[in-house]
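Novice: next one to model:
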Amino acid sequence: MPKLLAPPPPDSTLSPIAGNAGLPIIGLGLDYIRDPMGLLESRWERYGPVSWLSMAGKRWVTVMGPDGCQTVLQNKDRAFANGDGWSVLIGPFFHRGLMLLDGDEHLAHRRILQQAFTRERLSRYTEALHPAVEGALDGWHPRAGFAAYPALKELTLDLATSIFMGGAEGSSHQEMVEVNKAFIDCVQAATSVVRFPLPGTRWKRGIDGRARLEKFFRRYLPARRAGTGDDLFTTLCHIESEDGERFSDDDVINHMIFLLMAAHDTSTITLSTMMQYLGQHPEWRDRCRRQSAALGTSTPSYDQLDELTDLDLVMKECMRLVPPVPVVSRRAVKDTEVLGRYIPRGSYVSVVVHFTHHMAEYWPDPEKFDPERFAPERREDKIHRYAWEPFGGGVHKCLGMHFAGAEIKTVMHHLLRRFDWHVDPGYRAPLNYTSLPYPSDGQPVDLRHRL
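Specialist: Presented below is the predicted three-dimensional model:
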């Protein structure tokens, strides 16, 4: 039987939010991990765009559809806090990263960080990406059943440490494997059922992973403070706002841990999805390759990447099909409403990007891979301002979205020039939604060098 979250105030015209808790402690967490779209569709049919459920030890108001998502993400009446929402999930592991800050503090940190993502800096980052990508791909060994996801994850971590850190001098391959594992442990701890550092739990691995990352970055901090490089780490040590504000050592470490996680995890998901669908749709792979060849260079500039319009269509469609961050978290800091439903102060709120991206009302035949949806003559993403929202929205919209696009296109440009690959048309990636989605089978492709 559905239950009501909380009665609206006596003089209110708002409706209460209906929902159900699921199992004790774990709530509906396992249902979501097993079949997120199945769970979300059943709740949409039963309760509509706003309902509540239990997950990760908390009650969550679940908002689906672009109208509700727009209300929460735009946050015009400042009723929703970003940091309070994310902190309950990833606070101990990514505390004081930009995504976990709010209000004036968030604005101050964002203004400083924006200096690291100017067009001039993005152009320099892109120039530095090419040799790093080529070097990483030299270590790939094409074969049938090549596990694309772990190879791409190692590649994007290498890129993140190269571009964002200026390299990891003195670190062995084994240490970088441990750093990658630390990031994985921090991300996967978000949905831990046991939210206390007991040995053997995901939560404990996340706590240990955070400590490992802090130790890693603090080792390099003095050199970056003293350096003059163009990497993000050095930049964060020196940049300041127009008012002369600068980051403390702790600020730099916190932002580096969060930015490296965001930079390599989300890009990996999109790249592996693109490899899958281009392997299943060779006509699109050939279209993208022709545009890459037409550039006449193996190292396109940041501006030249804009000419890869077909690759851009594929990237956007893959982000629609598998949004790297399928759910965005908030917390109500005062009594408020979404679509006429009463949300009491203190409620945790989940904005379900994943569901919106698969709504047939906005995306005809939504499970079909169809990059032309984003072509100028169709632009299905413009039917509603929040129909396509892989980078979130409002003041917390992803600061690194343009870098992400440049990184993904650069990697794909090199992959298309160097390799051919095939994926069975009937293949469906077994996505694991324990945290950010990833293919649990490693996402095999039949990879070979181009002749």
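
Novice: Tyr427 and Tyr277 touch, don't they?
Specialist: No. Tyr427 is beyond contact range of Tyr277, at 10.1 Å (criterion: CB atoms under 8 Å). Where you see a C-beta, it was placed from the backbone N, CA and C, and this is true even at glycine.

Novice: strands along the chain, start to end?
Specialist: 3-4, 18-19, 50-55, 58-63, 80-81, 146-147, 327-332, 336-338, 341-343, 348-352, 419-422, 431-432, 438-439, 444-449 (DSSP state E).

Novice: okay, those in TSV with distance to Leu313 and mean neighbour count next?
Specialist: Shown next, in TSV, are these (distance: least, CB to CB, whole Å; neighbours: other CB atoms under 10 Å):
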stretch	distance to Leu313	mean neighbour count
strand 3-4	44	12
strand 18-19	38	20
strand 50-55	33	24
strand 58-63	28	23
strand 80-81	32	24
strand 146-147	25	18
strand 327-332	24	23
strand 336-338	32	21
strand 341-343	36	24
strand 348-352	24	24
strand 419-422	19	18
strand 431-432	22	16
strand 438-439	22	24
strand 444-449	21	18
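
Novice: which one of those strands lies closest to Gly392?
Specialist: Closest to Gly392 of the strands of the chain, according to CB to CB: strand 327-332, at 5.7 Å.

Novice: check what contacts stretch 96-106 and list those residues.
Specialist: Stretch 96-106 has contacts (CB atoms under 8 Å, 6 or more residues apart in numbering) with 81-84, 86-87, 90-91, 94, 109-110, 113, 250-251, 254-255, 257-259, 261-262, 395-396, 399.

Novice: hmm, back to that, mind putting the strands of the chain into JSON lines with distance to Arg121 and mean pLDDT?
Specialist: Below are the strands of the chain laid out as JSON lines (distance: least, CB to CB, whole Å; pLDDT from 0 to 100):
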{"stretch": "strand 3-4", "distance to Arg121": "50", "mean pLDDT": "93"}
{"stretch": "strand 18-19", "distance to Arg121": "45", "mean pLDDT": "96"}
{"stretch": "strand 50-55", "distance to Arg121": "38", "mean pLDDT": "94"}
{"stretch": "strand 58-63", "distance to Arg121": "35", "mean pLDDT": "94"}
{"stretch": "strand 80-81", "distance to Arg121": "30", "mean pLDDT": "94"}
{"stretch": "strand 146-147", "distance to Arg121": "33", "mean pLDDT": "97"}
{"stretch": "strand 327-332", "distance to Arg121": "26", "mean pLDDT": "94"}
{"stretch": "strand 336-338", "distance to Arg121": "37", "mean pLDDT": "97"}
{"stretch": "strand 341-343", "distance to Arg121": "39", "mean pLDDT": "97"}
{"stretch": "strand 348-352", "distance to Arg121": "30", "mean pLDDT": "96"}
{"stretch": "strand 419-422", "distance to Arg121": "30", "mean pLDDT": "97"}
{"stretch": "strand 431-432", "distance to Arg121": "33", "mean pLDDT": "93"}
{"stretch": "strand 438-439", "distance to Arg121": "29", "mean pLDDT": "94"}
{"stretch": "strand 444-449", "distance to Arg121": "33", "mean pLDDT": "97"}
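
Novice: and those strands as JSON lines, adding distance to Gln188?
Specialist: Shown next, in JSON lines, are the strands of the chain (distance: least, CB to CB, whole Å):
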{"stretch": "strand 3-4", "distance to Gln188": "30"}
{"stretch": "strand 18-19", "distance to Gln188": "26"}
{"stretch": "strand 50-55", "distance to Gln188": "15"}
{"stretch": "strand 58-63", "distance to Gln188": "18"}
{"stretch": "strand 80-81", "distance to Gln188": "24"}
{"stretch": "strand 146-147", "distance to Gln188": "19"}
{"stretch": "strand 327-332", "distance to Gln188": "15"}
{"stretch": "strand 336-338", "distance to Gln188": "29"}
{"stretch": "strand 341-343", "distance to Gln188": "29"}
{"stretch": "strand 348-352", "distance to Gln188": "18"}
{"stretch": "strand 419-422", "distance to Gln188": "28"}
{"stretch": "strand 431-432", "distance to Gln188": "9"}
{"stretch": "strand 438-439", "distance to Gln188": "10"}
{"stretch": "strand 444-449", "distance to Gln188": "22"}
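
Novice: out of those, which comes closest to Leu122?
Specialist: Between Leu122 and the strands of the chain, the tightest spacing by CB to CB is seen for strand 327-332, at 24.3 Å.

Novice: strand partners (parallel or antiparallel) of that closest one?
Specialist: According to DSSP bridges, strand 327-332 forms sheet pairs with strand 80-81 (antiparallel), strand 348-352 (antiparallel).

Novice: could I get these as TSV with distance to Thr62?
Specialist: Below are these laid out as TSV (distance: least, CB to CB, whole Å):
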stretch	distance to Thr62
strand 80-81	14
strand 348-352	5
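
Novice: cool, thanks, signing off.
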